[in-house]
Structures are given as structure tokens and as C-alpha cells.
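A.B. asks: Dropping a prediction and its sequence here:
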Amino acid sequence: MTTFLVFILTISIVVGIHEFGHFQMARWCNVKVLKFSIGFGKPLFTFRLGKDQTAFVISSIPLGGYVKLLDENNIKPSKRIKKTDIKRAFNRQSLIKRFLIVAAGPLINIILGIFIFCFIYMHGSLQIKPSISDLPLSSEAYQKGLRVGDEIVLLDGVEIKSLEDLEIAVKSHNQAFQDVHFKREGQLLHIKNLLWTDEIKIFPYGLPILIQSIEAGSIAEKIGLRVRDQIIMVDQVPIKNIQDLIAIIQNHWLKSYDLTIIRENIIQYIHIDKELFESKIDKKRIGVALGYDEDMIKAHLVEVKRTFGDSINKSFIQTYTFFNLTLTTFRNLFTQKADLKDLGGPLAIAHMASSSFLEGIFPYIQFIGLISLNIGILNLLPIPLLDGGHLAFYLFEFIIGKPLSNKKMMISQRVGMLILGLLTAIALYNDACRNLI
């Protein structure tokens, strides 16, 4: 029951914000709004407000919503429009007004996501300290004075508060720094002209890598791996972080190899035979979720609060990163580079919403931001029936000077309906297979 109620709350917030974007922009453009609905299907609750007596509706199927605008193309021939309302019909508006009304929905979702990320950054959250966890004695960094356990605080004048800050700084500065400040046992030290090489390992490198969950029917289940198993070697090669483990397993795909694990403080060896891969040739994953020892992670956490300017900047960076990730994932679905089993539907959203809600108010708010951002970005994709599809039609109209013909519009909408229908069916099937609730 909790999962269902949290799902309803989550969808109502995100969809309500989306439809409010369309609704408010339509009002600003003086377009008459006939209905504002959260959900589809049979109305459960209706009330009317405003000079236009817009119907605000809560419907029985909580999987979306819509705003119905006055449009001559959607009015039955037997029904007349008041002369005073004709100029307020959506189809009578200029191209720019129609574009703004359609774009307002996904854009307000994206704005909500940015606002929530900014709020989280300003409020503060627990982050991993930017500390050194491994450093060869022969490395240049060691010779200059850097040691295991040192916490980086400044790189060329840029303040480093978390592991994320450190990773971004290293990537954006081409790994060469003129001035590095770090803390050691409460003392502030610094070195000059440091080349940040792959030899410098940062936390959580070296922490125990534990199996968090195992996918039903996966290779991992077949070979007997269990939750909380610690993976320490692949074919006698020591594993120090999750990224290296994933890379090694992928490089050993279609080959037989041995895993060395620790289970209940006892070292065990598990053989993976190449025959187990069967039809899983393109997936390159054995079906486990990995993580580090949480107790050790907690000892290296620090609360990080940021200024408004820094929070806004990081919010835009995170939004841009998420935008690229969403587009890449969606593109890979159609090029078979991504597994369709990764698609999640309403049950997956309900499960994640409930989990974040139970963790606390701030994890739940952050989840709302991610879902809002996801819906905003997906709705901008140029697929007919989505907002992005309509925007693509308007762009086409702007370029050629006239709208698509009704016949072409109908064909494109049927294609869009087919694409969305297939993706929805796959997502629902995956939900059923996962047995999340």
C-alpha cells in the first residue's frame, strides 16, 4: 500500500508540474483551456475554476495527464464555438505561440529538476572525502610529498570538497596542476607542478567489493554467487575497484575464467565456464549489482554544503550529464547496444519512489528531481505523440512555410504510437518479470 501511495504522489507531482507548464503558457498566450487532467480514463473528481470554467480533473488511471485546449480541429461539426472564443483557439495561434505552449511542459520539468538539485546542494549532503588511497613509492607524486590518506582541498585555486569535485577537476585540467593543497593530520600542506597520473588512486580504491544483488536466471546465480560475497581476484589478478572488475569481466567474455571470492571470511574459488554464456553474447554482464563495504564508506563521508552560485553551476552540469546519458541510452535501445531488459515501467518507478521515500525526505526529493528531469528530456525527443514530436512538426512548418498535410501527420502519429506502445509493453513486461511489488 505504501508503494502504491508513494507512486501516486510521485506521478501526481511530476505530471502535475508538466501539465501546469502547458496550462500556464496557454493562459499567457490567451488560449482557452478546457480541461486540466491528472491521470487518464474515468474522472474521479472534477471542479471548475476561472473565467473559462476550466475543468480540473483527477482521473482513474494515474499514468500521466493532459491539458485539453480549445482547438477547431478537435471540435465535432455539430458543436459550435463562440465567436469570442474563435481567436483563442490553439490552431489559430501563431507558430511561436504554439511552439511555446508545447515546449513549456517538458521545460518546466527540467527547471524543476535543476531547482531540486540546487536545493540539495545548498542544503548539504554526505559526500565521500577526496582522499588518496594508494600511491606507489616510485611515483612522481610520492617523490614530491603526496601520501596515502592525504585529503585534497585545493587544485590550482579551485576548492575541492568531495570526491566528485576531485574527479571533475582532474578531467577538466588535463591532469596537470601548478599548485596542489592537501590536508594531513589536520595540517595544510602544498606541492607545486604535479602531474596527476593513473598511479594516484583515490578513495574508494582498495575497499572490499561486495555483491549487492543477483539477477534471477543470470550467470551469477547459476555459478552460485551470493549477496555479500566479496570479489578479490579474476584469474589471479587482484581487483581493487569496481571499474577495473567490470572491465576485466568484459575482457574475459566468452572465455573460461576463475573468480576468487571471500564468503563468511573463507576464501573460495568459483569457475565460470564459457559454455554458460550461451545467448548472452552481447550483454557482457554476469548479472550482479556491485558496491563497496558501506561501513568503510561511512568512515570517509563528510557533509558538503555549497553556495547558491556553485549549486546552480553544479545543477546545470548534472542536468547536462543526465541529458547526454538519457539520449545515449535511448539511441542504444534502437541500435541494440543497450539491453531492453533495462527498461523500467510504472512498477520500477513505484519501487524506486518507495525506496527513496523510506530513506528520508531528501532522498525522495532528489528522486523527484531525477524523474522530473527524465520526463522533461524524454518528452523533448522528436517522436510523434510526444511534445518533442509536435515541436519537430512546428520546426518543419517554420522551415518550409506550411504545416504537414493531415495525411502525413496521421501516418507519423501512428508510427509514434507504435514506438511508444512497444516501449511501454516492454517496460511493463520487464516490471512483471522483476516482480518488484
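C.D. replies: Everything's here; your move.
A.B. asks: Residue 276 - how many residues pack around it?
C.D. replies: 15 (other CB atoms under 10 Å). C-beta here means a position set from N, CA and C on the backbone, and glycine is covered the same way.
A.B. asks: any idea how far it is from residue 268?
C.D. replies: Look at residue 276 and residue 268: by CB to CB, to the nearest Å, they are 18 Å apart.
A.B. asks: what does residue 35 give?
C.D. replies: Computed as CB to CB, the residue 35 to residue 268 distance reads 62 Å.
A.B. asks: Among the two, which residue is more densely surrounded?
C.D. replies: With neighbours defined as other CB under 10 Å, residue 35 and residue 268 compare such that residue 35 has more, 16 against 12.
A.B. asks: can you pull out the strands in the stretch 1-150 of the chain?
C.D. replies: All strands of the stretch 1-150 of the chain, identified by DSSP state E, counting those that start in this stretch, fall at 33-49, 54-69, 125-128, 132-134.
A.B. asks: neighbours around the residue nearest to residue 261 when sequence neighbours are not counted, how many?
C.D. replies: With sequence-adjacent residues excluded and distances taken as CB to CB, 6 or more residues apart in numbering, residue 261 is closest to residue 229, at 4.7 Å. Counted with other CB under 10 Å, the neighbours of residue 229 add up to 21.
A.B. asks: for residue 310, same thing?
C.D. replies: 16.
A.B. asks: shouldn't it be in contact with residue 121?
C.D. replies: Yes: the pair residue 310 and residue 121 qualifies as a contact (CB atoms under 8 Å) at a distance of 7.2 Å.
A.B. asks: Break this structure into its domains for me.
C.D. replies: As given by automatic domain parsing, the domain ranges for the chain are 2-111, 127-202, 209-298, 326-434.
A.B. asks: Same list (these) but as CSV, adding distance to residue 317 and mean pLDDT.
C.D. replies: As requested, the domains of the chain are exported to CSV (distance: least, CB to CB, whole Å; pLDDT from 0 to 100):
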stretch, distance to residue 317, mean pLDDT
domain 2-111, 14, 87
domain 127-202, 8, 87
domain 209-298, 21, 82
domain 326-434, 13, 70
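A.B. asks: Let me see the ranges of the strands in the stretch 201-350 of the chain.
C.D. replies: Listed in chain order, the strands of the stretch 201-350 of the chain (DSSP E, counting those that start in this stretch) span 201-202, 209-214, 230-234, 237-238, 257-263, 266-272, 288-292, 301-304.
A.B. asks: need the contact list for residue 236.
C.D. replies: Contacts for residue 236 (CB atoms under 8 Å, 6 or more residues apart in numbering) come out as 258, 260.
A.B. asks: and what of residue 44?
C.D. replies: Residue 44 makes contact with 58-60 under the criterion CB under 8 Å, 6+ apart.
A.B. asks: follow-up on the earlier one: quick one: the domains of the chain as JSON lines, columns for distance to residue 306 too.
C.D. replies: Shown next, in JSON lines, are those (distance: least, CB to CB, whole Å):
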{"stretch": "domain 2-111", "distance to residue 306": "19"}
{"stretch": "domain 127-202", "distance to residue 306": "8"}
{"stretch": "domain 209-298", "distance to residue 306": "21"}
{"stretch": "domain 326-434", "distance to residue 306": "15"}
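A.B. asks: mind putting the strands of the stretch 201-350 of the chain in CSV, distance to residue 17 included?
C.D. replies: Listed next are the strands of the stretch 201-350 of the chain as CSV, based on distance: least, CB to CB, whole Å:
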stretch, distance to residue 17
strand 201-202, 38
strand 209-214, 32
strand 230-234, 42
strand 237-238, 49
strand 257-263, 46
strand 266-272, 47
strand 288-292, 31
strand 301-304, 28
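A.B. asks: so which of those strands gets nearest residue 182?
C.D. replies: Nearest to residue 182 among the strands of the stretch 201-350 of the chain is strand 201-202; the distance by CB to CB comes to 11.7 Å.
A.B. asks: on contacts alone, who are the packing partners of that closest one?
C.D. replies: In terms of contacts (3 or more CB pairs under 8 Å, 6 or more residues apart in numbering; DSSP states H and E), strand 201-202 is packed against strand 132-134, helix 163-172.
A.B. asks: So which elements touch the last one?
C.D. replies: Under the contact criterion of 3+ CB pairs under 8 Å, 6+ apart, the helices and strands touching helix 163-172 comprise strand 125-128, strand 151-155, strand 158-159, strand 201-202.
A.B. asks: May I see the buried residues of that helix?
C.D. replies: Neighbour counts over helix 163-172 (16 or more other CB atoms under 10 Å) mark 163-166, 169-170 as buried.
A.B. asks: cool, and the first one?
C.D. replies: Within strand 132-134, the residues scored as buried using 16+ other CB under 10 Å are 132-133.
A.B. asks: what's the offset of that strand from the middle of its chain?
C.D. replies: Computed by CA atoms, centre = their mean, to the nearest Å, the chain-centroid distance of strand 132-134 equals 29 Å.
A.B. asks: ditto for stretch 249-261
C.D. replies: 30 Å.
A.B. asks: And stretch 162-176, by the same measure?
C.D. replies: Relative to the centre of its chain, stretch 162-176 is centred 22 Å away, using CA atoms, centre = their mean.
A.B. asks: Can I get it in CSV, CA atoms only?
C.D. replies: Listed next in CSV are the C-alpha coordinates belonging to stretch 162-176 (Å, rounded to 0.1, in the frame of the first residue of the first chain):
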residue,chain,number,x,y,z
SER,A,162,34.3,16.0,-2.4
LEU,A,163,35.4,13.0,-4.5
GLU,A,164,33.1,14.3,-7.2
ASP,A,165,34.9,17.7,-7.2
LEU,A,166,38.2,16.0,-7.4
GLU,A,167,37.2,13.8,-10.4
ILE,A,168,35.8,16.8,-12.3
ALA,A,169,38.9,18.9,-11.6
VAL,A,170,41.3,16.1,-12.8
LYS,A,171,39.3,15.6,-16.0
SER,A,172,39.0,19.3,-16.8
HIS,A,173,42.6,20.3,-16.1
ASN,A,174,44.3,17.7,-18.3
GLN,A,175,45.7,16.2,-15.1
ALA,A,176,48.4,18.9,-14.7
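A.B. asks: What are the contacting residues of that stretch?
C.D. replies: For stretch 162-176, using CB under 8 Å, 6+ apart, the contacting residues are 127-130, 152, 155-156, 158-160, 194-197, 202-203, 302, 304, 317.
A.B. asks: same thing but at 7 Å, please
C.D. replies: Here stretch 162-176 makes contact (CB atoms under 7 Å, 6 or more residues apart in numbering) with 127-130, 152, 155-156, 158, 160, 195-197, 202-203, 304.
A.B. asks: Run a quick neighbour tally on the closest residue to residue 218 other than its chain neighbours.
C.D. replies: With CB to CB, 6+ apart as the measure, residue 287 is the residue that lies nearest to residue 218, at 2.3 Å, once sequence neighbours are left out. Burial measure for residue 287: 18 neighbouring residues, criterion other CB under 10 Å.
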